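Engineer: Here is a sequence with its predicted model. Questions after.
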Amino acid sequence: MADTNDLNGIKVMVIDDSNTIRRSAEIFLKQAGCEIILAEDGFDALAKITDRQPDIIFVDVMMPRLDGYQTCSLIKKNSRFKSTPVIMLSSKDGLFDKARGRIVGSNEYLTKPFTKDSLLSTVQRYVPASPAIQLIPN
């Protein structure tokens, strides 16, 4: 895996109704230099996305009120965020669940519980370089 300092300044949103999952993700991502945006459910997330404009979004599949599939679909239907990577989080890793995630526009499916390495490598895959170190054209 690449140096985690490559993730400095990357804005990562984690939407999950589990405090444990949100806290684990927050710890792993902060250690890598990411800016963290936490949300407890889809409604909470949608209120924060426009203001904070995350670079990548992790969303739990099973949540009350607005589930992860509905949340992902709403994010991807917004022209401002349709290119923002959305990664589904779930304790299920069945083919049907992954296919349903693809249908609503998710980029990938990460099975819980995730490891620090799997979480950070997913961020690196979708957000290749820190905004602070991108090349400036001559």
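Structural biologist: Everything's here; your move.

Engineer: which SSE is R100 in?
Structural biologist: helix 95-103 (DSSP states H and E).

Engineer: Then I87?
Structural biologist: Here I87 is assigned to strand 86-90, by DSSP H and E.

Engineer: Check which element follows the helix holding R100 along the chain.
Structural biologist: Following helix 95-103 toward the C-terminus (DSSP H and E): strand 108-111.

Engineer: now for that next one, which elements pack on it?
Structural biologist: Other elements packing on strand 108-111 under the criterion 3 or more Cβ pairs under 8 Å, 6 or more residues apart in numbering; DSSP states H and E are strand 86-90, helix 95-103, helix 116-126. Using the backbone N, CA and C atoms, a C-beta is placed for each residue, glycine as well.

Engineer: want to throw those into CSV with distance to I75 and mean neighbour count?
Structural biologist: Formatted as CSV, the helices and strands packed on strand 108-111 follow (distance: least, Cβ to Cβ, whole Å; neighbours: other Cβ atoms under 10 Å):
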stretch, distance to I75, mean neighbour count
strand 86-90, 6, 24
helix 95-103, 12, 14
helix 116-126, 14, 17
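
Engineer: low pLDDT regions in the chain?
Structural biologist: Along the chain, segments meeting pLDDT under 70 span 1-5, 128-138.

Engineer: which residues in it form strands?
Structural biologist: With DSSP state E, the ranges of strands along the chain come out as 11-15, 35-39, 56-60, 86-90, 108-111.

Engineer: Cool, thanks, signing off.
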